[in-house]
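**Q** task: produce atomic coordinates for the following.
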Amino acid sequence: MTAFRKGDVERVARLREHADEACALLKALANEDRLLLLCQIGSARRNVGELETITHIRQPTLSQQLAVLRQRRLVATEKEGKHVYYRLANDNVARVIRMLWEIYCSPTMARR
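**A** Reported below is the predicted structural model:
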């Protein structure tokens with residue numbers, strides 16, 4: 001039987017403290033449309049028209065998925081004139097999106 005170290009218990013306590021936040025992010029990423037949106041918003045702040053053009057997600061679905069991302073506090077908005085721009089809400093979201101891009105979308109992945 002393996003003995004537990006003090007660090008193991010502390011790591012589990014930290015994970016438990018942030019598990020709901022991690023689960024919310026993973027649930028959001030489990031939807032293709034939301035994943036595409038987060039990837040595009042992660043590369044640059046975007047407005048709805050830009051997101052619709054880039055992702056080919058139609059307006060009703062796009063608005064619904066952006067609302068879910070706002071509700072889960074994964075994206076933030078900035079109003080500029082008539083346009084509302086979306087950006088990733090925090091660095092944790094950005095880090096996960098970057099990691100997924102490196103695994104699945106980077107040029108080295110395309111060669112595999």
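**Q** tell me the phi and psi of residue 72?
**A** Dihedral angles phi and psi of residue 72 (degrees, to the nearest 10) take the values phi -80, psi 0.
**Q** just give the number of residues close to it.
**A** When neighbours are counted by other Cβ atoms under 10 Å, residue 72 registers 16. (Each C-beta comes from the backbone N, C-alpha and C, glycine too.)
**Q** touching, it and residue 28? I think so.
**A** Yes: with contact defined as Cβ atoms under 8 Å, residue 72 counts as touching residue 28 (5.5 Å).
**Q** contacts for the helix or strand harbouring residue 66, please.
**A** If you go by DSSP states H and E, residue 66 is part of helix 59-71. Here helix 59-71 makes contact (Cβ atoms under 8 Å, 6 or more residues apart in numbering) with 28, 31, 33-34, 37-38, 48, 51-52, 55, 57, 75-77, 86.
**Q** which ones among the residues you listed lie within strands?
**A** Members of the contacts of helix 59-71 lying in strands (criterion: DSSP state E): 75, 76, 77, 86.
**Q** list only buried entries from those.
**A** Buried members of the ones in strands among the contacts of helix 59-71, counted by 16 or more other Cβ atoms under 10 Å: 75, 76, 86.
**Q** can you add pLDDT and distance to residue 23 and give those residues back as TSV?
**A** Shown next, in TSV, are those (pLDDT from 0 to 100; distance: Cβ to Cβ, whole Å):
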residue	pLDDT	distance to residue 23
75	96	17
76	97	20
86	98	22
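**Q** adding distance to residue 8, write these out as JSON lines.
**A** Listed next are these as JSON lines, based on distance: Cβ to Cβ, whole Å:
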{"residue": "75", "distance to residue 8": "34"}
{"residue": "76", "distance to residue 8": "35"}
{"residue": "86", "distance to residue 8": "39"}
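**Q** worst mean pLDDT across the helices and strands of this protein, which element?
**A** Here the helix or strand of the chain ranked lowest by mean pLDDT, DSSP states H and E is helix 107-110, holding a mean of 65.
**Q** so what's residue 105 up against?
**A** With Cβ under 8 Å, 6+ apart, residue 105 has these contacts: residue 39.
**Q** where is the longest helix in this structure?
**A** The residue-count maximum for a helix in the chain (DSSP state H) belongs to helix 6-29.
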